[in-house]
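*Asks:* Please work out how this folds:
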Amino acid sequence: MFFYLTKSLVVEPNNDKYRGIYKAIHHIASQVADSNHAMSGDYEVISHFREIFKEDLILGELFNDIYQNFATRGLPSELTFYIEVVVDNPSNRKEGNVYICQKKYLEYSTIDSLIETRVICEDLYDAEFYKHILKWYINDKKSKLNYSFHNQGGGGKNIARTVKEELDKKHITICIVDTDKKYANYIPAKDSTYKKCEPIGKDVEYYNFLPLDVHEIENLIPLNYIDVAFSNYTEENFNDKKNKEAFDFLRKDAENILPYFDYKNGIRKNDELLNNQDYMRFAKLCYKQNPKMLKDFETHLQELDRKGQVYPPLIGGTGTIKMTLNLISNNNCPIPVLLDYQKKNWVRIGQNMLNWCIARNKEAIH
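*Replies:* Now for the predicted structure:
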C-alpha cells in the first residue's frame, strides 16, 4: 500500500497529539523500510520527520533518502488508489481516476495493522499466477515499481472466514475470487464463494474485494501458454490429446465461449443443464464448434446417461494452472497473447494488485 503523509502531521513536541503521531509514523516508516509498503508525503512533512528521526539508523536514512530524492520519490502516477495520513477529520475524494482515502494517524497506533498486504485467493496456486499478471502489468506500463505481499491462502470454501479474520486484525487485504460464470448472464449461486464473500468488508477502505468476470482462474491463462506447456505436462497421453483437440475447436468463438467454459470439468448432463435454457444454449454453442461431433446436439444429449459428458474438459483438477506455473517458474513463458476478455481482466488484476501491494524497492537506503 502507498501511504502519503500530509503536512497536518507536523505538530510541535508540546502538542498532546505529538507522541501518537510519532508512534504512527514510526510504524508506517518501519514497514516501508522493510519494503512491505511505500511512502512519500508533502515536502514539509518529509523534512520534519527527517529531522525527528535523524538519529535513527534506519528511519533517519529512509526519510533522508526521500528528502534528497524528493522529485523521484513522490506519488507514482501508476496508482489509482492510495492512503493519505492526516491528524483529524479524514475524508475521501476522487481526483480524475485516482481514489484517495484519508485515514487518521491513530489507525496506525499498532504495527500489526501495517504488516505486509494479505492476498487471499481460493488456492495458493492462484496468487502465484496473479503475481505473474502483476509483473506483466508493471512491465507493460514500463514501470520500475516494486511490490510485496503475503499469500494468505483462503482454503477454498473457507475463504470468507479467512477474509473476516484478516479484517478483524485490521490487515490490509485484497481478496480475488472467480464468479463461477457458466455463461454470459449467469447469476452465481447463493452458497458460492463469491456470494459468501460479497457482503464482507464493504465499509473497510483498506480492503479490496475483486471478483473476476470469468468461470475460474484457468480461463485467464493465455492460450499460447497452454500450447507450449500441454504436451510436456500430459506426456502425450492419448485421452489428454483428444481433450486438447476438442478444446482447440472452442477457439473459433473464443470471446463468447472461453470466459465461461469449465476447463476442469467440461460440460456434463445434469439437472442444472437440463433445467436452464441459457446454460443449454451455451452447451450447444460449444458442441457446434467441433466438426468431429457427427450427431446433432439434441440427439447427442438424449443418448447420454446422467452425468454423461456433453463436452470434454481440457485437464481435470488443478492440471491447467499447475502446468502454467511450471512454465512460469522455469522461465519458459512466451510473451502472453491475450484474448480481449483476458486482457481486460489482466489489466484489472494488475492495477488492483499494484494499488494494494506496492512497496519500496529493496535496494539499500543511502
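
*Asks:* how about stretch 36-53: buried residues?
*Replies:* For stretch 36-53, burial by neighbour count (16 or more other C-beta atoms under 10 Å) applies to 36-42, 45-50, 52-53. C-beta here means a position set from N, CA and C on the backbone, and glycine is covered the same way.

*Asks:* Out of these, flag the one nearest to M1.
*Replies:* Using C-beta to C-beta, H37 is the member of these that lies nearest M1, at 5.0 Å.

*Asks:* separation between the closest one and I28?
*Replies:* Distance, H37 to I28, by C-beta to C-beta, to the nearest Å: 7 Å.

*Asks:* Overlap in contacts, these two.
*Replies:* Each of 3, 114 lies in contact with both H37 and I28 under the rule C-beta atoms under 8 Å, 6 or more residues apart in numbering.

*Asks:* Spell out which residues sit in contact with Y105, please.
*Replies:* Applying C-beta under 8 Å, 6+ apart, we find Y105 in contact with 9, 17, 20-21, 24-25, 85-87.

*Asks:* Which PyMOL command selects the buried ones in the residues you listed?
*Replies:* Selection command for PyMOL covering only the buried members of the contacts of Y105, criterion 16+ other C-beta under 10 Å:
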select buried, resi 9+20+21+24+25+85+86+87
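
*Asks:* Among the contacts of Y105, which are located in helices?
*Replies:* Judged by DSSP state H, these include 20-21, 24-25 as members of helices.

*Asks:* Pick out the most distant pair among the buried residues of stretch 36-53.
*Replies:* The widest separation within the buried residues of stretch 36-53 (C-beta to C-beta) is 24.0 Å, between N36 and S47.

*Asks:* K190: how many residues sit nearby?
*Replies:* The tally of other residues near K190 (other C-beta atoms under 10 Å) stands at 7.

*Asks:* what ranges do the helices span in this structure?
*Replies:* 18-33, 43-52, 59-68, 124-140, 159-168, 193-197, 223-234, 238-249, 254-257, 271-274, 277-288, 297-303, 319-329, 340-357.

*Asks:* so how far is the longest one from its chain's centroid?
*Replies:* Chain-centre distance of helix 340-357: 7 Å, with C-alpha atoms, centre = their mean, to the nearest Å.

*Asks:* tell me the phi and psi of the nearest residue to Y18 once chain neighbours are set aside?
*Replies:* Of all residues not flanking Y18 in the chain, V11 sits nearest, at 5.4 Å (C-beta to C-beta, 6 or more residues apart in numbering). Main-chain torsions, V11, degrees, to the nearest 10: phi -130, psi 160.
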